[in-house]
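Undergrad: The sequence and its predicted three-dimensional model are supplied below.
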Amino acid sequence: MDKKQIGDRVKAALALNKYALNRTVINLQIDTAFFRTFFVDNDKLSKPVSITPTEFDDTSPVVVVEFSRHQAAELLGVSKVKGGNRLSTTHLAAMCVVFYPGRGTAKIWLSV
């Protein structure tokens, strides 16, 4: 999993389809090192993200990181936080990443 793949999945969730509801959650298989490098200690972020708990490792049960629209755009790229169709445009309002270190899984929750 890399930045482009994650960004593409977020952008696809923002697309407006004729008869389908938008996906609000994206499931990922990632390890603690990638999670820390990509979502927490990313150099592209101008402001620190809200993370609970502030200190975590592989034995932590769950880690939650919250992103604003601006922070998500810095992380994924501006074009990845905007979607829609020819009639309407949708913008990502907020993004929350819930990471389970013991399982090596994460869920990205989206709000438009």
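TA: Here it is on my side, so go on. Residues are numbered from 1 along each chain as shown.

Undergrad: can you pull the contacts of the residue nearest to Leu76 when sequence neighbours are not counted?
TA: Nearest non-adjacent residue to Leu76, counting by C-beta to C-beta, 6 or more residues apart in numbering: Gly7, 4.1 Å away. Where you see a C-beta, it was placed from the backbone N, CA and C, and this is true even at glycine. Taking C-beta atoms under 8 Å, 6 or more residues apart in numbering, we find Gly7 in contact with 76-77, 80.

Undergrad: Name the nearest residue to Ile6, sequence neighbours excluded.
TA: Spatial nearest neighbour of Ile6, chain neighbours left out: Leu76 (6.6 Å); criterion: C-beta to C-beta, 6+ apart.

Undergrad: mind listing the strands for the protein?
TA: Ranges of strands in the chain, per DSSP state E, are 25-29, 50-52, 63-68, 82-84, 89-91, 94-100, 105-111.

Undergrad: contacting residues around the residue of the chain most remote from its centre?
TA: Note on the chain: the largest C-alpha distance from the chain mean falls to Leu87, namely 25.5 Å (C-alpha atoms, centre = their mean). Leu87 sits next to Leu16 when contact means C-beta under 8 Å, 6+ apart.

Undergrad: Any chance you could list what contacts stretch 97-108?
TA: Contacting residues not belonging to stretch 97-108 are listed as 6, 9-10, 25-32, 35, 39, 56-65, 67, 95-96, 109 [C-beta under 8 Å, 6+ apart].

Undergrad: start to end distance for that stretch?
TA: 4 Å (C-alpha to C-alpha, to the nearest Å).

Undergrad: Can you list the buried residues in that stretch?
TA: By 16 or more other C-beta atoms under 10 Å, the buried positions in stretch 97-108 come out as 97, 99, 101, 106, 108.

Undergrad: returning to that earlier point: can you redo the strands of the chain as TSV with mean pLDDT and distance to Asn17?
TA: Putting the strands of the chain into TSV (pLDDT from 0 to 100; distance: least, C-beta to C-beta, whole Å) gives the following:
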stretch	mean pLDDT	distance to Asn17
strand 25-29	94	16
strand 50-52	94	31
strand 63-68	96	24
strand 82-84	81	10
strand 89-91	83	11
strand 94-100	96	20
strand 105-111	95	15
